[in-house]
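Participant: what follows is a predicted structure for the sequence shown.
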Amino acid sequence: MKPLPRIPVFRTFVQYFWCQQRCCLSFLAKRSTHLAEWNISQHSCLWNRVAPIAVLRRYNQTSGTLWNHETLQKYLQTLTQEYQTIGLLLNDYSMNEYKRKDLSKRYAELSQLALIYKEIQETEKEMQDLLDLCENLTSSEDKPLLEVAVEEKRVFDQKISTLYRKLFQVLIPREKWDESNVVLELISGRTTGGDICQQFTQEILDMYQNYADYKNWAFEIVKYVPSDQGGLHHATALISGDHVYMHLKYEGGIHRVQRIPETGLSARMQRIHTGTMSVIVLPQLEEVKIKVDPGDLRVDTFRAKGAGGQHVNKTDSAVRIVHIPTGDPWQLTAAKTRQQSTVSKYNRNAILKKQTDIKIKTGIRNKVAAQISQHL
């Protein structure tokens with residue numbers, strides 16, 4: 001969609017205001033007897049500080065103004081026609097299964113938008129019929145009926161405003177992992193802050209737990225490492241619910257706090273300290289069945305290194321598996337026997353998680369680089 005053009009009426013309004021305020025200033029200047037009084041009047045009213053047009057904020061249009069825009073109407077009609085066309089194509093049972101899957105996914109994405117768009121049109125038609133009825137109510141005997149019609153129009157206005165907001169929320173582009181559950185990891189700062197970081201990390205965990213309860217999400221703590229001072233070193237939680245990643249994907253990063261410590265009574269501690277903690281938000285992966293042909297794998301065994309005494313020097317307990325078509329290597333040396341290493345390396349969920357983590361980190365890195373390049 002192209003950006004909406006500015007409305008010229010506001011430019012005219014500011015020009016008119018500038019003209020009027022110059023007239024007011026000259027009028028006050030004639031009546032002012034003291035220069036000090038004139039400066040106070042000028043400063044308090046801020047008449048000499050009207051910003052030019054170029055630096056004024058763009059006009060934030062209301063939902064009704066945006067709804068009536070020609071570009072948005074054409075865009076909504078195009079999406080509605082696409083929704084209807086996909087519905088007809090899905091009735092063809094001779095369609096390829098992979099193509100049907102893609103069309104079904106697109107059909108589900110457009111279904112909510114099409115329903116809201118249709119409901120808005122029906123509500124506007126009902127309100128227009130109500131307005132036509134009110135035009136015919138002119139006699140004094142129709143006054144009670146007119147009051148009922150006015151109240152009903154107010155209900156229609158509220159309903160249409162709510163539908164506008166829902167429609168604009170649906171039009172916001174969705175990312176790939178927005179509907180996924182979340183793996184939330186909280187880590188207190190290691191180099192600065194001390195007890196401040198650990199207390200702050202505990203408070204952040206409580207905040208996310210309360211927020212999940214407010215959103216009716218399931219919050220499960222899978223790892224919790226407390227500190228000796230009552231704070232938190234490290235914690236990992238699984239959050240599941242509706243569109244969890246969409247709401248929490250921008251929470252990741254380094255958070256800083258400045259406060260006087262709750263513990264410590266010495267004079268040195270009674271001052272503001274700075275602490276940091278980090279938040280990591282990753283989408284939780286679903287279990288997916290992966291078919292791997294054993295002929296595409298090359299399994300190599302060798303002796304592990306590190307702790308283990310004579311055992312690691314006598315047995316080939318380490319295993320390396322290479323996927324020949326892609327060349328991806330997988331290596332495990334932590335297991336005590338070759339059989340345990342081989343079984344662990346065939347863990348499909350672990351392979352999927354590693355590949356997906358790489359894709360997510362690469363996508364986030366590319367997105368951040370694109371945002372930085374836009375601001376340069």
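Facilitator: Structure's in. What do you need?

Participant: sheet partners, orientation included, of whichever strand in the chain runs longest?
Facilitator: Identified as the longest strand of the chain according to DSSP state E is strand 273-283. Sheet partners assigned to strand 273-283 using DSSP bridges are listed as strand 182-188 (antiparallel), strand 253-259 (antiparallel).

Participant: how about those in CSV, adding mean pLDDT?
Facilitator: Formatted as CSV, the strands paired with strand 273-283 follow (pLDDT from 0 to 100):
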stretch, mean pLDDT
strand 182-188, 91
strand 253-259, 85
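
Participant: highest average neighbour count across those?
Facilitator: Among these, the stretch with the highest mean neighbour count (mean count of other Cβ atoms under 10 Å) is strand 182-188, at a mean of 22. Where C-beta positions appear, they are placed from N, C-alpha and C, glycine not excepted.

Participant: give the next helix or strand downstream of it.
Facilitator: helix 195-214 (DSSP states H and E).

Participant: just the buried residues of that next one, please?
Facilitator: 195-202, 204-205, 208-209, 212 (16 or more other Cβ atoms under 10 Å).

Participant: also stretch 238-250?
Facilitator: With the criterion 16+ other Cβ under 10 Å, stretch 238-250 contains buried residues I239, V244, Y245, M246, H247, L248, K249.

Participant: which one of those is nearest to I272?
Facilitator: Distances from I272 to those, taken as Cβ to Cβ, are shortest for L248 (29.5 Å).

Participant: distance of that closest one relative to T80?
Facilitator: L248 sits 32 Å away from T80, taking Cβ to Cβ, to the nearest Å as the criterion.

Participant: could you pull up the contacting residues of the closest residue to Q199 other than its chain neighbours?
Facilitator: The shortest distance from Q199 to any residue other than its chain neighbours is 4.3 Å, reached at G231 (Cβ to Cβ, 6 or more residues apart in numbering). Counting by Cβ atoms under 8 Å, 6 or more residues apart in numbering, G231 makes contact with S188, D195, C197, Q198, Q199, F200, T201, Q202.

Participant: minimum pLDDT in the residues you listed, which residue is that?
Facilitator: Lowest pLDDT of these: D195, 75.

Participant: what angle sits between the longest strand of the chain and helix 195-214?
Facilitator: 40 degrees (axes from the mean of the first three to the mean of the last three Cα atoms, to 10 degrees).

Participant: what residues does strand 273-283 touch?
Facilitator: 177, 180-189, 192-194, 196-197, 199-201, 204, 245, 248-249, 251-261, 357, 360.

Participant: redo that, cut-off 7 Å
Facilitator: 177, 180, 182-189, 192-193, 196-197, 200-201, 204, 245, 248-249, 251-259, 261, 360 (Cβ atoms under 7 Å, 6 or more residues apart in numbering).

Participant: and it, average pLDDT?
Facilitator: Rounded mean pLDDT across strand 273-283 is 87.

Participant: pull the CA atoms of it into PDB?
Facilitator: Extracted C-alpha coordinates of strand 273-283, given in PDB (Å, rounded to 0.1, in the frame of the first residue of the first chain):
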ATOM      1  CA  HIS A 273      24.100   1.000  41.900                       C
ATOM      2  CA  THR A 274      23.800  -0.100  38.300                       C
ATOM      3  CA  GLY A 275      22.900  -3.700  37.300                       C
ATOM      4  CA  THR A 276      22.100  -5.500  34.100                       C
ATOM      5  CA  MET A 277      20.400  -8.700  33.000                       C
ATOM      6  CA  SER A 278      19.600 -10.300  29.600                       C
ATOM      7  CA  VAL A 279      16.400 -11.700  28.200                       C
ATOM      8  CA  ILE A 280      16.400 -14.300  25.400                       C
ATOM      9  CA  VAL A 281      13.200 -15.100  23.600                       C
ATOM     10  CA  LEU A 282      13.100 -18.000  21.100                       C
ATOM     11  CA  PRO A 283      10.100 -19.700  19.400                       C
END
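
Participant: filter the buried residues of stretch 238-250 down to just the ones in helices.
Facilitator: V244, Y245, M246, H247, L248 (DSSP state H).

Participant: quick check: the gap between the last one and H233.
Facilitator: As for L248, its distance to H233 is 22 Å (criterion: Cβ to Cβ).

Participant: do the same with the third one
Facilitator: Applying Cβ to Cβ, the value for M246 to H233 is 29 Å.

Participant: swap in the second one?
Facilitator: For Y245, the distance to H233 under the criterion Cβ to Cβ works out to 25 Å.

Participant: could I get the buried residue list for the top helix by length along the chain?
Facilitator: Longest helix in the chain, counting residues (DSSP H): helix 97-135. Neighbour counts over helix 97-135 (16+ other Cβ under 10 Å) mark L103, Y107, L110, L113, A114, I116, Y117, I120, T123, M127, C134 as buried.

Participant: low-confidence stretches in the stretch 1-150 of the chain?
Facilitator: 1-62, 139, 141 (pLDDT under 70).
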